[in-house]
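>>> Dropping the sequence and predicted coords here.
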Amino acid sequence: MTKAIASTQLNHDYYQQKNMENNEKQNIELPENAFRELHEGEEYKPVMDPNKVYPEVTPWSVSWGLIMVVLFSAAAAYLGLKVGQVFEAAIPIAIIAIGMSSATKRKNALGENVIIQSIGACSGAVVAGGIFVMPAIYMLDLQASFFQIFIAAALGGVLGILFLIPFRKYFVKEQHGKYPFPEATATTQVLVSGEKVEVKLNLCF
């Protein structure tokens with residue numbers, strides 16, 4: 001009798017916890033002032049509470065981010081050399097990250113999905129810097145080894161990251177809502193919506 005009561009209580013606590021987690025995820029949505037300029041004294045509260053700890057830079061997110069970089073870099077390089085234009089991989093990678101986190105039932109995966117998307121989305125920019133220069137080198141009969149091209153591309157990527165660090169606060173915080181950033185806006189909507197979709201799938205099953 002005591003074991004049955006204890007088991008019932010455990011089940012009740014488990015389902016109560018799951019319902020709380022689902023309700024919390026269902027309440028995840030971007031604030032009204034996410035994509036507009038802030039009024040004087042107005043504060044923007046991000047989706048991920050700064051007072052809570054979320055899984056973000058983990059072996060899972062970094063590994064899948066690097067895999068996405070390799071796959072989409074190869075695809076962008078092939079397409080760029082074929083037709084002279086590369087594609088932005090941010091939204092497809094965000095969708096893939098959401099699908100993988102849902103399939104593996106990872107909890108609070110929004111931060112990890114952001115890291116996967118952020119790492120993977122670098123593929124198009126890095127590849128473009130190489131594939132648009134290499135054909136010109138060969139057409140002009142210039143001597144350039146694989147090592148030289150690799151070093152040039154690597155240094156370009158490192159310099160891009162170093163220049164991004166001081167500008168991040170300016171563009172993200174001080175210029176909040178002043179620029180549309182359509183692709184970044186769409187990617188953010190996909191990532192946030194992915195949390196709600198995961199809850200609905202869990203309820204269906």
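Cool, got the structure.
>>> what about I119, how many neighbours?
Residues near I119, counting by other Cβ atoms under 10 Å, number 20. Every C-beta, even on glycine, is put in place using the N, C-alpha and C of the backbone.
>>> can you tell me how far the residue nearest to it when sequence neighbours are not counted sits from N33?
Closest residue to I119 apart from its sequence neighbours, by Cβ to Cβ, 6 or more residues apart in numbering: G65 at 2.9 Å. Plainly put, G65 is 29 Å away from N33 if you go by Cβ to Cβ, to the nearest Å.
>>> Comparing those two, which shows the higher neighbour count?
The residue with more neighbours, out of G65 and N33, is G65; 22 against 15, by other Cβ under 10 Å.
>>> what pLDDT does the more buried one get?
On pLDDT, G65 comes in at 92.
>>> Quick check, it in contact with A121.
No. The pair G65 / A121 is not scored as a contact, 9.1 Å apart, by Cβ atoms under 8 Å.
>>> could you say which helix or strand contains the residue nearest to I119?
For G65, the host element (DSSP states H and E) is helix 59-83.
>>> which element follows that helix toward the C-terminus?
Note on helix 59-83: by DSSP H and E, the next helix or strand toward the C-terminus is helix 90-103.
>>> so where does Q189 fall, helix or strand?
helix 182-204.
>>> what's the average pLDDT for that helix?
Averaged over helix 182-204, pLDDT sits at 70.
>>> what separates I151 from V53, distance-wise?
Taking Cβ to Cβ, one finds I151 at 39 Å from V53.
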